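Student: what would the 3D arrangement of this be:
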Amino acid sequence: MDLNKIFNEDCLVTMSKINSVDLVLTSPPYNMTKRKGGYADKGRRYDVYQDWKSEEEYIEWISEIFKGYDQILKKNGVVLFNFSYSIENPILPYHLISYLGKNTNFTIADTIVWKKPTSIPHPASPNRCRRIFESVYVFCRKTELDTFYMRKDYNVGKNGQKYYSVVDNFIEAPNNDESTELNKATFSTSLVRQLLKMYGPINGVVYDSFMGTGTTAKGAILEGLNYLGSEISEEQCKWAEKRLSKVLIK
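Tutor: From the prediction side, this is the model:
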């Protein structure tokens, strides 16, 4: 399969054709419930995808996608999975992680906090904090919990012991690059680049199953990695290709 390409199709279709990738980095739809007057009710977040499955449907769908990751991910590769919660169903991330741990070959290896400069306010709420952080869950196969890849420098002590560089599980990055009429929940290139520096092998291949407007691909180009992606929206694919052509020119 050719590298550095976004496929206008369901990610399960793409993964059936991919040989292997070094890591997965993605941010799926968060499954915002359709509540009158709620965030998701203010207009569609995506031009094609409908972001309100039942919790059971959503969890089963993501589980099938993780089974696809298991087929394409190289040994000791990781899945970097940015996910957050809606105010209508804040327990969903925990239900999802628990289900994936029980029903796929993956487990949580680490959790990274992504702190944004601005947050979603809840000024009418008497008891909710403003949501200024999101999580990036680091998944690896259960059999690779002690061996999954992270790009760390190290020094060797006099006794032969390796002492690794310290990498905190805390990243500060903008909320997104830009919100478009096609996708009002875009990703952050700064976040992508910092994650790729941590987990992306030199000249490796990163796959994004929800490529959207191409942010993961842009980060990969800037960090010297190859990319593959899937996106069901034809218009977002066109947007991404136009956007990436400008990055390549630079």
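Student: immediately after the strand ranked longest in the chain, which helix or strand?
Tutor: Using DSSP state E to define each element, the chain has its longest strand at strand 106-120. Past strand 106-120, further along toward the C-terminus, the next helix or strand under DSSP states H and E is strand 131-141.
Student: just give the strands next to that following strand in its sheet, each with its orientation.
Tutor: Strand pairing for strand 131-141, determined by DSSP bridges: strand 73-83 (antiparallel), strand 106-120 (antiparallel).
Student: pLDDT of the shortest one, averaged?
Tutor: In this case it means strand 73-83. Averaging pLDDT along strand 73-83 yields 98.
Student: name the helices or strands packed onto the helix or strand just after it?
Tutor: Helices and strands here follow DSSP H and E; after strand 73-83, the next one along the chain is helix 92-103. With contacts taken as 3 or more C-beta pairs under 8 Å, 6 or more residues apart in numbering; DSSP states H and E, helix 92-103 sits against helix 55-72, strand 106-120, strand 131-141. All C-beta atoms are positioned from the backbone trio N, CA, C, and that covers glycine.
Student: which parts of the last one are buried?
Tutor: Meaning strand 131-141. Arg131, Glu134, Ser135, Val136, Tyr137, Val138, Phe139, Cys140, Arg141 (16 or more other C-beta atoms under 10 Å).
Student: relative to Asn203, how far out is Leu248?
Tutor: 17 Å (C-beta to C-beta, to the nearest Å).
Student: try Leu228
Tutor: Taking C-beta to C-beta as the measure, Leu228 falls 14 Å from Asn203.
Student: more neighbours: these two, which one.
Tutor: Neighbour count, other C-beta atoms under 10 Å: between Leu228 and Asn203, Leu228 has more, with 27 against 9.
Student: who are the contact partners of the more buried one?
Tutor: When contacts are counted by C-beta atoms under 8 Å, 6 or more residues apart in numbering, Leu228 touches 1, 3-7, 14, 18, 21, 205-208.
Student: residues of stretch 4-21 that come out buried?
Tutor: Buried-residue list, stretch 4-21, by 16+ other C-beta under 10 Å: Ile6, Phe7, Asn8, Cys11, Thr14, Met15, Ile18, Val21.
Student: let me have those residues in JSON lines, adding pLDDT as columns.
Tutor: Output for the buried residues of stretch 4-21, formatted as JSON lines (pLDDT from 0 to 100):
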{"residue": "Ile6", "pLDDT": "97"}
{"residue": "Phe7", "pLDDT": "97"}
{"residue": "Asn8", "pLDDT": "97"}
{"residue": "Cys11", "pLDDT": "96"}
{"residue": "Thr14", "pLDDT": "98"}
{"residue": "Met15", "pLDDT": "98"}
{"residue": "Ile18", "pLDDT": "96"}
{"residue": "Val21", "pLDDT": "98"}
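Student: pick out the residue closest to the middle of this structure.
Tutor: Centroid-nearest residue in the chain, with C-alpha atoms, centre = their mean: Thr26, separated by 2.2 Å.
Student: SS state for Gly224?
Tutor: coil (DSSP: H, G, I helix; E, B strand; the rest coil).
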